Structures are given as structure tokens and as C-alpha cells.
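Trainee: need coordinates for the below:
(one chain, ligands or ions: 1)
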Amino acid sequence: MFYTLTANPAVDMTVTCPPLIPNENIRSVTSSYTPNGKGLDVSYALKKFGVDSVALGFFAGFTGKYIVEETMNMGCLCRPVWIDGITRINSYFNDGENEYGILNAGAPLTPEGERELYKILDTTGDLECLIISGSLPPKASRYFLDEVIDHAQDRGCDVILDISSDKLKTLAAKKPLLIKPNHHEMKAIFGVPVNTDDEVRVAMKMAHDIGVQNVLLTRGSRGDAYFSNGEDIWYAKREFNINLVSSVCAGDCTLAAFILKWYHNRENVEEALKLALATGANVAESVGLGDFGRVDEYSRRIAVRKLERK
Ligand SMILES: O=P(O)(O)OC[C@@]1(O)O[C@H](CO)[C@@H](O)[C@@H]1O
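Mentor: Down below sits the predicted model:
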């Protein structure tokens, strides 16, 4: 069974509005409030593909209650750890020209909360693959992620990381099965750009050298991605334009789709990349995750090639 961990979930408030004007109030055109957080998004996307997972995370207050209820309403399994405070609300604005995001800190984590999570990881019956996504809440202990990975790996569980913290560099030594940085994160973590095939080769090698088994590198609005398994590197690109509404959950759904096709069939890189980019593109065309209505059609319009070995 797939498990996702969202240590710092959020209600996303997504607003479309006329251009923002300093020191003036403007009225929004549309607004919506959706249960989110990177790991939860992975669980929701898997569910849309008909695959169950268990969503783990720390939840607090009325917003936490809303997320857990909505998660269950979607038919997703969820094992919340309740903490004090209020789960954050993140705000995203699209003024027709640009996207803006304001991300809040989240409810502070407690040692008791952390221990409760470790207990779930130690005792749950079917822990096969844990996808750890997103930021950490305030007051998370210094070695929280190290501990989470240790508890999971002690159970023989694979670990996938989608975190932007520079902790990723040290966590790589624990040999995660897969990491999913975007181009900004890859540059921040390894200090090298990833604009060309050759630059990507260098960055991928750096990731593998420090312990990462597989890397899915996404490049946001460019609509392309690279995947490296340590032996070969594939490049995938969408061959169509999208009608951008909100790119906010696109990366999480890209990851979910990739895992879905690749986790149980590691040879299936090409198909996995096609579904991943198609899903990300379709999600960016709606608020939240959308209905995945064009994923099949888009999958047929993703070009994939293997890079020459050097
Ligand atoms: O602060 P984090 O955890 O890095 O990111 C949180 C977040 O931006 O990630 C999701 C999109 O990926 C949003 O639903 C959510 O608001």
C-alpha cells in the first residue's frame, strides 16, 4: 500500500482577480477553498486513478478538521495525528498575467505528535512505499525527517521524497527510492543549473553520488521533465500548450502519476513520464486537482527520448 505523509497540510484559497494594485482593495472574480498539502495531493491523485493510499499528517483546528473530512469524503484513507493550533491556509492569486502564492507557516508540531506518527509507522500493517512531501511545520524537531525515514525503512518500506529543504542532501544518504525536485530545487540543492541535457547529466550524477536511487526532475512551466535511474536518463516534453489556471498542485499530481505507472514496473519509464506530464498539464488547467478529463488525450501528445550515454 502507498502511504503519503503531509507534515504541513493546508487549505488552499485560490483566487482569480483583476491586476493587483498597491494600496487598493480589489474584488476577486472567482475564489475556492480546497483541502491540500503536497502528500495529500498525491493521495487524491492516486484515488482519481483508482488506487488507494493512506494519507498521514498532522492536522489542527477547524481547517484540519475540514481537510480530514474532505479527504474521507473523496474516499481516501486517512490516519490523522491531531495537534493544537490551526492548520494553515495558503493563498494563491492569478491576476490574468501572473500567479502569486502566500504560504503560511502552519500549526506547530509537538514531540507527542511526532511520537504518535512514529507509532503509526511502526505498527501499520501494509507499509510498502511512503511518499514524504512538502514543508515541515514550525517546531518540527531537527531530525524529524531522518526519524520518519528510519521508522519506515526499518519496516522494509521504500521512501520517496518531494521536499525542498536542503535537508534533502543529508537525507540522500538514506538512499531514498526516488526524489522529485523541480529545476529551482535541483539548483538550490546541488548548486548547478539544469537548463541543458549536459547540465542535467551533471546534476543527476551528483544526486546519485550522494545516495539517491532515482530522480524525477520537473521543470515547471516549461512542461518537461527528466528521469534518471542512475544508468539512463530520459527526457519528456509536452507538445501542446495549456490553458493555465493554477499550476499549484500540478507537481504533486505529476509525481503521483509517475509513481502509479513506474513503482510496480520499473522498466515502464516512458509510459510513466507520459502519464506524469499529461496529468500535470491537465491539473494546471483547473483550480485544485480538477477532473483529469484530458489526461488520456494529453498522454498521447508527450514526446519521450532517452539521452545518449556519455
Ligand atoms: O509549504 P509546502 O508544503 O512546500 O507547500 C504547500 C503547498 O504549496 O503545496 C501544494 C502544491 O504543491 C499546495 O496545495 C500547498 O499549499
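
Trainee: so which residues of this structure form helices?
Mentor: 38-48, 61-73, 111-123, 144-154, 168-171, 183-190, 197-209, 250-262, 269-283, 295-299 (DSSP state H).

Trainee: give the contact list for Ala173.
Mentor: 210-211 (Cβ atoms under 8 Å, 6 or more residues apart in numbering). C-beta here means a position set from N, CA and C on the backbone, and glycine is covered the same way.

Trainee: next one: it from Leu255, what distance?
Mentor: 22 Å (Cβ to Cβ, to the nearest Å).

Trainee: still on that earlier bit, any idea which of the helices of the chain gets closest to Leu307?
Mentor: Checking the helices of the chain against Leu307 by Cβ to Cβ gives helix 197-209 as the closest, at 5.6 Å.

Trainee: hmm, back to that, the helices of the chain into CSV, with extra columns for mean pLDDT and mean neighbour count?
Mentor: As requested, the helices of the chain are exported to CSV (pLDDT from 0 to 100; neighbours: other Cβ atoms under 10 Å):
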stretch, mean pLDDT, mean neighbour count
helix 38-48, 98, 27
helix 61-73, 98, 17
helix 111-123, 98, 16
helix 144-154, 98, 18
helix 168-171, 90, 19
helix 183-190, 90, 19
helix 197-209, 96, 17
helix 250-262, 97, 27
helix 269-283, 98, 25
helix 295-299, 97, 17
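
Trainee: can these go into a markdown table with extra columns for distance to Ser32?
Mentor: Shown next, in a markdown table, are those (distance: least, Cβ to Cβ, whole Å):
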| stretch | distance to Ser32 |
| --- | --- |
| helix 38-48 | 15 |
| helix 61-73 | 12 |
| helix 111-123 | 29 |
| helix 144-154 | 31 |
| helix 168-171 | 31 |
| helix 183-190 | 26 |
| helix 197-209 | 36 |
| helix 250-262 | 16 |
| helix 269-283 | 14 |
| helix 295-299 | 21 |
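
Trainee: how about those in JSON lines, adding distance to the ligand?
Mentor: Listed next are the helices of the chain as JSON lines, based on distance: least, Cβ to the nearest ligand atom, whole Å:
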{"stretch": "helix 38-48", "distance to the ligand": "5"}
{"stretch": "helix 61-73", "distance to the ligand": "10"}
{"stretch": "helix 111-123", "distance to the ligand": "16"}
{"stretch": "helix 144-154", "distance to the ligand": "13"}
{"stretch": "helix 168-171", "distance to the ligand": "12"}
{"stretch": "helix 183-190", "distance to the ligand": "10"}
{"stretch": "helix 197-209", "distance to the ligand": "19"}
{"stretch": "helix 250-262", "distance to the ligand": "5"}
{"stretch": "helix 269-283", "distance to the ligand": "10"}
{"stretch": "helix 295-299", "distance to the ligand": "18"}
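
Trainee: of all those helices, which one comes closest to Thr218?
Mentor: Taking the helices of the chain one by one with Cβ to Cβ, helix 250-262 is closest: 5.8 Å.

Trainee: quick one: that closest one to helix 183-190, angle?
Mentor: Calculated by axes from the mean of the first three to the mean of the last three Cα atoms, to 10 degrees, helix 250-262 forms an angle of 80 degrees with helix 183-190.

Trainee: quick one: list the elements packing against helix 250-262.
Mentor: The contact analysis (3 or more Cβ pairs under 8 Å, 6 or more residues apart in numbering; DSSP states H and E) places helix 250-262 against helix 38-48, strand 129-133, strand 158-162, strand 214-218, helix 269-283.

Trainee: who's in contact with Gly290?
Mentor: Per Cβ under 8 Å, 6+ apart, neighbours of Gly290: 282-283.

Trainee: got it, and Ala45?
Mentor: 252-253, 256-257, 279, 283, 289, 292.

Trainee: between these, which sits nearest Ala272?
Mentor: Among those, and counting by Cβ to Cβ, the member closest to Ala272 is Ala257, at 7.5 Å.

Trainee: and the nearest residue to that closest one once chain neighbours are set aside, what does it touch?
Mentor: Closest residue in space to Ala257, ignoring its immediate chain neighbours: Thr279 at 3.9 Å, by Cβ to Cβ, 6 or more residues apart in numbering. For Thr279, the contact set (Cβ under 8 Å, 6+ apart) comprises 45, 253-254, 256-257, 292, 295, 298.

Trainee: and if we set it to 10 Å?
Mentor: 45, 48-49, 250, 252-258, 260, 289-290, 292, 294-295, 298-299 (Cβ atoms under 10 Å, 6 or more residues apart in numbering).

Trainee: around the ligand, pick out the residues from the stretch 1-150 of the chain.
Mentor: Neighbours of the ligand within the stretch 1-150 of the chain, by Cβ under 6 Å from any ligand atom: 8, 10, 12, 36-38, 41, 90, 103, 134-135.
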